[in-house]
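J.: Following is a predicted model, sequence given first.
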Amino acid sequence: MTTSGWSTRRTGRGGGRVCLDDEGRANVEFDQVPNEVIAHAVDEVRFPYLDYADGPLCEAPPGTYVYECEGSGGQFEFVLGTLGHGRVVISFATVPDAVAVLDALERAFTEHESGVTRQ
(Lines give C-alpha, C1' and ligand atoms only; values in the text may rest on other atoms or scores of the structure.)
Protein backbone atom coordinates (compact mmCIF):
# COMPACT_ATOMS: atom_id res chain seq x y z
CA MET A 1 0.00 0.00 0.00
CA THR A 2 1.33 3.43 -0.90
CA THR A 3 0.30 6.66 0.75
CA SER A 4 0.62 10.30 -0.07
CA GLY A 5 0.52 12.85 2.71
CA TRP A 6 0.47 16.56 3.42
CA SER A 7 1.24 18.34 6.67
CA THR A 8 0.02 21.74 7.72
CA ARG A 9 0.19 24.11 10.66
CA ARG A 10 -1.38 27.57 10.79
CA THR A 11 -1.39 29.98 13.68
CA GLY A 12 -4.61 29.59 15.65
CA ARG A 13 -5.75 26.60 13.62
CA GLY A 14 -3.60 23.86 15.05
CA GLY A 15 -1.99 21.50 12.63
CA GLY A 16 -1.84 18.00 11.36
CA ARG A 17 -1.71 15.84 8.31
CA VAL A 18 -3.85 14.36 5.57
CA CYS A 19 -2.88 11.08 3.91
CA LEU A 20 -4.42 9.25 0.97
CA ASP A 21 -3.69 5.61 0.25
CA ASP A 22 -3.82 3.71 -3.02
CA GLU A 23 -7.19 2.23 -2.05
CA GLY A 24 -8.85 5.64 -2.07
CA ARG A 25 -9.00 5.98 1.71
CA ALA A 26 -8.19 9.11 3.64
CA ASN A 27 -6.55 9.42 7.04
CA VAL A 28 -6.61 12.83 8.73
CA GLU A 29 -5.12 13.96 12.03
CA PHE A 30 -5.40 17.52 13.31
CA ASP A 31 -4.48 18.62 16.81
CA GLN A 32 -4.86 21.85 18.79
CA VAL A 33 -8.16 22.65 17.02
CA PRO A 34 -10.50 24.92 19.02
CA ASN A 35 -13.33 22.87 20.56
CA GLU A 36 -15.88 25.33 19.20
CA VAL A 37 -14.65 24.70 15.64
CA ILE A 38 -14.79 20.92 16.06
CA ALA A 39 -18.28 21.00 17.53
CA HIS A 40 -19.63 23.38 14.89
CA ALA A 41 -18.21 21.29 12.03
CA VAL A 42 -19.45 17.98 13.44
CA ASP A 43 -22.93 19.38 14.05
CA GLU A 44 -22.98 20.71 10.47
CA VAL A 45 -22.08 17.32 8.99
CA ARG A 46 -24.84 15.66 11.04
CA PHE A 47 -23.41 12.25 11.67
CA PRO A 48 -26.27 9.82 12.28
CA TYR A 49 -24.83 8.77 15.63
CA LEU A 50 -21.83 9.74 17.75
CA ASP A 51 -20.81 7.43 20.58
CA TYR A 52 -21.09 9.16 23.96
CA ALA A 53 -22.92 12.25 22.62
CA ASP A 54 -26.46 12.82 23.87
CA GLY A 55 -27.20 15.67 21.48
CA PRO A 56 -25.37 18.29 19.44
CA LEU A 57 -21.64 18.35 20.01
CA CYS A 58 -21.78 22.09 20.70
CA GLU A 59 -23.62 21.17 23.93
CA ALA A 60 -21.31 18.30 24.88
CA PRO A 61 -18.68 18.37 27.62
CA PRO A 62 -15.02 17.65 26.92
CA GLY A 63 -14.50 14.05 25.87
CA THR A 64 -14.04 11.71 22.93
CA TYR A 65 -16.88 11.24 20.45
CA VAL A 66 -16.73 8.59 17.73
CA TYR A 67 -18.68 7.67 14.62
CA GLU A 68 -17.93 4.39 12.86
CA CYS A 69 -19.44 4.09 9.39
CA GLU A 70 -20.66 0.54 8.92
CA GLY A 71 -20.97 1.01 5.16
CA SER A 72 -17.45 2.25 4.41
CA GLY A 73 -15.50 1.15 7.49
CA GLY A 74 -14.37 4.72 8.13
CA GLN A 75 -13.90 5.95 11.67
CA PHE A 76 -14.32 9.55 12.77
CA GLU A 77 -13.04 10.56 16.19
CA PHE A 78 -13.56 14.02 17.65
CA VAL A 79 -11.90 14.96 20.93
CA LEU A 80 -13.08 18.06 22.78
CA GLY A 81 -10.19 18.94 25.07
CA THR A 82 -10.45 20.17 28.63
CA LEU A 83 -8.32 23.23 27.85
CA GLY A 84 -10.44 24.46 24.92
CA HIS A 85 -8.57 22.70 22.11
CA GLY A 86 -9.09 19.21 20.81
CA ARG A 87 -8.31 16.79 18.07
CA VAL A 88 -9.87 15.42 14.87
CA VAL A 89 -8.86 11.95 13.68
CA ILE A 90 -10.36 10.36 10.57
CA SER A 91 -9.25 6.83 9.71
CA PHE A 92 -9.85 4.78 6.56
CA ALA A 93 -12.63 7.09 5.35
CA THR A 94 -13.70 7.44 1.76
CA VAL A 95 -12.36 10.62 0.20
CA PRO A 96 -15.83 12.22 -0.17
CA ASP A 97 -16.59 11.56 3.53
CA ALA A 98 -13.24 13.01 4.63
CA VAL A 99 -13.70 16.03 2.36
CA ALA A 100 -17.15 16.69 3.84
CA VAL A 101 -15.59 16.93 7.32
CA LEU A 102 -12.64 19.03 6.08
CA ASP A 103 -14.99 21.44 4.29
CA ALA A 104 -17.12 21.77 7.43
CA LEU A 105 -13.98 22.42 9.50
CA GLU A 106 -12.89 25.14 7.08
CA ARG A 107 -16.29 26.86 7.30
CA ALA A 108 -16.23 26.56 11.10
CA PHE A 109 -12.71 28.02 11.24
CA THR A 110 -13.78 30.96 9.07
CA GLU A 111 -16.78 31.63 11.29
CA HIS A 112 -14.68 31.23 14.45
CA GLU A 113 -11.99 33.61 13.18
CA SER A 114 -14.53 36.25 12.19
CA GLY A 115 -16.10 36.00 15.66
CA VAL A 116 -12.71 36.35 17.35
CA THR A 117 -11.88 39.37 15.17
CA ARG A 118 -15.15 41.10 16.11
CA GLN A 119 -14.56 40.72 19.86
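T.: The structure has been received and is ready for your questions.

J.: least trustworthy helix or strand in the protein by mean pLDDT?
T.: strand 3-10 (a mean of 50; mean pLDDT, DSSP states H and E).

J.: Please verify my assumption that residue 33 contacts residue 84.
T.: No - with contacts counted by Cβ atoms under 8 Å, residue 33 stays clear of residue 84, the gap being 10.1 Å. All C-beta spots, glycine's among them, are computed from the backbone N, C-alpha and C.

J.: neighbour count winner among these two?
T.: Between residue 33 and residue 84, counted using other Cβ atoms under 10 Å, residue 33 has the larger neighbour count: 26 against 11.

J.: For the more buried one, give its distance to residue 99.
T.: Note on residue 33: its distance to residue 99, by Cβ to Cβ, to the nearest Å, is 17 Å.

J.: how about the spatially most central residue of the chain, what does it touch?
T.: The residue at the geometric middle of the chain, judged as the C-alpha nearest the mean C-alpha position with Cα atoms, centre = their mean, is residue 88 (3.9 Å). Residue 88 makes contact with 16, 28, 29, 30, 33, 38, 77, 78, 79, 101, 105, according to Cβ atoms under 8 Å, 6 or more residues apart in numbering.
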